[in-house]
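Trainee: Prediction below, plus the sequence it came from.
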Amino acid sequence: MRIAHVRERNGPAGAGWRLAGQAGGTADSEAWLDVEVARRRLVAADPRRAHNSSLFRQPITTLDELFARGLRIEAVGEILDGFAPAAGALDPDDDAVLGASNLAFGPPILRPPTFRDFYAFEQHVATMWNRRGGEIPEAWFRLPIFYFSNVSELRGPGDPVWAPRGSEELDFELEVGAIVDTPAYNLPEERAAEAIGGFLIVNDWSARDLQRDESTVRLGPAKGKDFALTIGPWIVTPDELADRWAAGATAPDMTMTATVRGLDGTVTEVSRGSWSIARYSFGHMLARASTDVHVRPGDILGSGTVGTGCLLEVKDSTLKRWLQPGDQVTLSIERLGALTTPVIARPAG
């Protein structure tokens, strides 16, 4: 199942985001189902649904609202399957069905309470430490390490990003994200993955010159990281990835790539890696995150940058420069889609 926030490209100005979904059998289709329209139709066809299930009693506006009601992402599947139980059964002329070509996609979670970004890929960690003339600290091999970033500057697909004030070294970071969709506290590693409702693409932007200056104090990233976080284009539930997950693996075998299209239209692939080489699973990460603290529905976990997944690692052998206005960055992960961001000049003010 895929879940997204959408609105019509040609709709009224100021229109809010609507929750849309694709059942597993239609995941390769251009058709998306308006979850609230489908809910109303199902209740009209059988009023007992509203009596028997809290899912059907109130309007469904956003994923954030669904979480606030104590419901999980999997609950949406009941509506999608109830409306179109057979693969390919959606009628494009039905007003509940939305064509992807006429949709703008927003952040799949609009107001995440927190974003914890981990450091799960050894190749990236080794490269970062080698640049400092050191080796990976022993603690990294024992513990999934993370930092908290800013969630106020959240971006969705197509939303522009710019280098923050004082920076000339804008960089992307190619990551997998996981959405927690139920309260979690002191979860054991072997059960923690059960609290993850789905996965998405994360671009944890970096201003490398600001980050380099701040890192000398050894407190952690601040203005070099907190100016933008891009997520999307949708959330994919874990069952959609099960066939790519080898026994005993920390992650599914799914290719991750990043491309940059410059002002002249040239597209350069600058990054290629695999989620499967992560040292830590998201279950391990969430177990660590939930130790002695309450993790809330809507919290995002980031995997950290896949090996080669940023210009800091590969600039000299690929793009030969940092990002600049006019570039377009596209991060792609198999089955999770593609997340594209235009880079613009920093707005005045």
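Mentor: That came in fine, so what should we check first?
Trainee: The least confident helix or strand in the chain by mean pLDDT: how far from the chain's middle?
Mentor: For the chain, counting by mean pLDDT, DSSP states H and E, helix 122-131 ranks last in confidence among helices and strands (a mean of 85). Relative to its parent chain, helix 122-131 has a centroid offset of 23 Å by CA atoms, centre = their mean, to the nearest Å.
Trainee: swap in stretch 106-126?
Mentor: In terms of CA atoms, centre = their mean, the centre of stretch 106-126 is found 8 Å from the chain centre.
Trainee: which outside residues touch the helix or strand that contains residue 312?
Mentor: Taking DSSP states H and E as the definition, one finds residue 312 inside helix 311-314. Applying CB atoms under 8 Å, 6 or more residues apart in numbering, the set of residues contacting helix 311-314 from outside is 124, 127-128, 131, 171-172, 206, 208, 270-271, 305, 307-308, 318-319, 322-323. Backbone N, C-alpha and C define where each C-beta goes, glycine included.
Trainee: Please spell out the PyMOL selection for the buried subset of these.
Mentor: Entered in PyMOL, the line below selects the buried ones among the contacts of helix 311-314, by 16 or more other CB atoms under 10 Å:
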select buried, resi 124+127+128+171+172+206+208+270+271+305+307+308+318+319+322+323
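Trainee: Now go through the contacts of helix 311-314 and say which are in strands.
Mentor: Secondary structure from DSSP state E places 171, 206, 270, 271 of those in strands.
Trainee: and which of those residues is nearest to residue 82?
Mentor: Top of the list for closeness to residue 82, among the ones in strands among the contacts of helix 311-314 and by CB to CB, is residue 271 at 40.5 Å.
Trainee: residue contacts, that closest one?
Mentor: Neighbouring residues of residue 271 by CB under 8 Å, 6+ apart: 174, 256, 257, 258, 306, 308, 309, 310, 314.
Trainee: ok, 7 Å please
Mentor: Contacts for residue 271 (CB atoms under 7 Å, 6 or more residues apart in numbering) come out as 174, 257, 258, 308, 309, 314.
Trainee: Setting aside sequence neighbours, what's the nearest residue to it?
Mentor: With CB to CB, 6 or more residues apart in numbering as the measure, residue 258 is the residue that lies nearest to residue 271, at 3.7 Å, once sequence neighbours are left out.
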